[in-house]
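Asker: model the structure of this input:
(one chain, ligands or ions: 2)
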Amino acid sequence: MSILITGGAGFIGSHTAVELINCSEKIVIVDNLTNSNMQTIDNIKRITGAEFPFYEYDCCCKKDMTKIFKQNDIESVIHFAGLKAVGESVEQPLKYYENNLQSTLLLCEVMEENDCNRLVFSSSATVYGSPKTVPIKENFPLSATNPYGSTKLMIERILSDICISNPRFSVAALRYFNPIGAHKSAIIGELPNGIPNNLMPYITQVAAGKLKCLNVFGNDYDTHDGTGVRDYIHVVDLAKGHIKALDYAKNHSGYETFNLGTGTGYSVLDIVHAFEKTNKVKIPYKIVDRRPGDIAICYADITKSKKILSWQAELGLEDMCKSSWEFTKKAFNN
Ligand code: NAD
Ligand code: UFG
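Answerer: Ligands and ions are numbered 1, 2, ... in the order given. Predicted structure coming up:
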């Protein structure tokens, strides 16, 4: 019996693949490599010493997805595959609706046809829109401020409807906060194409001399130093959360949502200073206007994940800053 990982060549999928193999699970990966590359698949094998089937297929192709289920005994699916750039989703909404919705609809169809009833889905804290208070609990009101966020909200709704229609179906929708960091081997991590949108990859590229200076988007928010506060979580802790969620899905049917964060908020300048202190490098920065669509503060209430999944993040900000930098240095030297 194998676990199918869609989007397993990506940032979070690759770390989850390693953790699953470390737990002696058999895995199969499908990824169309639209935002990743074959090297990551080889690196997962290098880290774990394991062999596993990899399919360079698009999850939007039913024929190919069916082939994977026919060739492997798939007991559960972790569905990471999706496009995730917020700005791009505003410019090209159809691309996002088509890819993210179509891949999920087809996946669920093929799962039902092959009597596979367990799914862990990559949702996002973006489904909380602009929360009125923090920390954010799973039962807070949901809304979307961009097409990417809308796809996550719509998929959550679809999955919840499937669970109502099929009492054997089990879905854990994991709402990630801000994943950063990299595996301790420094050979898998996050290296976006082009200029990074997210804070940590931008900082590491400034540290590497690829970019001159970090733009800090606003210092007039109602936070302890005026810059935006987020719940940064080490990607390895996040990966381990998926194993707990799979266990949960094995023992329960129905639809459930879980926050995966640390429960602690750090500001942009907290991150810059922690990165400088941990890695002994200077990060030049300047304050610029707020980025449209950003919120002031976002961090998780993790009571539910702690209680029901018996999961909690273990790695701190220093580990996140150190591993992000080690990975980026190595990636640029290769
Ligand atoms: P990523 O881009 O590194 O990984 C996604 C992978 O999916 C990529 O390897 C890409 O090639 C693949 N993919 C995309 N569309 C596909 C398709 N139609 N068929 C096959 N493969 C396809 O992103 P990530 O950071 O690892 O994110 C994984 C998931 O978590 C995504 O669904 C994302 O929306 C969600 N998420 C990410 C964050 C974050 O900050 N990284 C936060 C919240 C939620
Ligand atoms: N920031 C900067 N400069 C930058 C990049 C970011 O100051 O160059 C600031 C932002 O204004 C924000 C914080 O750093 O205050 C974090 O920004 P990110 O872009 O790294 O992350 P977001 O919280 O905006 O969004 C991320 C993902 C979303 C996901 C969300 C919640 O990009 O897809 O986390 O999980 F939905």
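
Asker: state the distance from residue 200 to residue 233.
Answerer: Residue 200 is 11 Å from residue 233, where distance means Cβ to Cβ, to the nearest Å. Using the backbone N, CA and C atoms, a C-beta is placed for each residue, glycine as well.

Asker: need the residues touching each of those two.
Answerer: Residues touching both residue 200 and residue 233 by Cβ atoms under 8 Å, 6 or more residues apart in numbering: 180, 320.

Asker: wasn't residue 161 part of a strand?
Answerer: No - secondary structure of residue 161 (DSSP: H, G, I helix; E, B strand; the rest coil): helix, not part of a strand.

Asker: just give the number of residues close to it.
Answerer: 11 (other Cβ atoms under 10 Å).

Asker: same check, this time on residue 213
Answerer: 12.

Asker: didn't it look like it was pressed against residue 205?
Answerer: No - in this structure, residue 213 is not within contact of residue 205 by Cβ atoms under 8 Å, at 10.8 Å.

Asker: now the helices: where do they sit in this structure?
Answerer: Ranges of helices within the chain are 11-22, 38-48, 62-71, 86-91, 93-96, 102-113, 147-165, 199-207, 235-251, 268-279, 303-304, 317-333, based on DSSP state H.

Asker: export stretch 301-319 as PDB, just CAs?
Answerer: Only the C-alpha atoms of stretch 301-319 are listed here, as PDB (Å, rounded to 0.1, in the frame of the first residue of the first chain):
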ATOM      1  CA  ASP A 301      -4.400  29.100  17.500                       C
ATOM      2  CA  ILE A 302      -2.900  25.600  17.500                       C
ATOM      3  CA  THR A 303      -5.000  24.100  20.300                       C
ATOM      4  CA  LYS A 304      -7.000  21.900  17.900                       C
ATOM      5  CA  SER A 305      -4.000  20.400  16.100                       C
ATOM      6  CA  LYS A 306      -2.200  19.900  19.500                       C
ATOM      7  CA  LYS A 307      -5.200  18.100  21.000                       C
ATOM      8  CA  ILE A 308      -6.500  16.100  18.100                       C
ATOM      9  CA  LEU A 309      -3.400  15.400  16.000                       C
ATOM     10  CA  SER A 310      -1.000  15.400  19.000                       C
ATOM     11  CA  TRP A 311       1.200  17.600  16.800                       C
ATOM     12  CA  GLN A 312       3.200  20.600  17.700                       C
ATOM     13  CA  ALA A 313       6.100  22.400  16.000                       C
ATOM     14  CA  GLU A 314       9.400  21.800  17.600                       C
ATOM     15  CA  LEU A 315      11.900  23.900  15.700                       C
ATOM     16  CA  GLY A 316      12.500  27.500  16.500                       C
ATOM     17  CA  LEU A 317      13.300  30.700  14.500                       C
ATOM     18  CA  GLU A 318      17.000  30.100  14.700                       C
ATOM     19  CA  ASP A 319      16.700  26.700  13.000                       C
END
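
Asker: quick check: the gap between residue 57 and ligand 2.
Answerer: Distance of residue 57 to ligand 2, given as Cβ to the nearest ligand atom, to the nearest Å: 24 Å.

Asker: what's the answer for residue 154, then?
Answerer: Using Cβ to the nearest ligand atom, residue 154 is found at 15 Å from ligand 2.

Asker: tell me the contacts of that residue?
Answerer: residue 101.

Asker: that older thread, and the helices of the chain, which is most packed in?
Answerer: helix 11-22 (a mean of 24; mean count of other Cβ atoms under 10 Å).

Asker: list residues touching both of residue 213 and residue 205?
Answerer: By Cβ under 8 Å, 6+ apart, no residue touches both residue 213 and residue 205.

Asker: quick one, phi psi at the residue in the chain that ligand 2 sits nearest to?
Answerer: Of all residues in the chain, residue 228 sits closest to ligand 2, at 2.3 Å by Cβ to the nearest ligand atom. Dihedral angles of residue 228 (phi, psi; degrees, to the nearest 10) stand at phi -60, psi 140.

Asker: many thanks, we can stop here.
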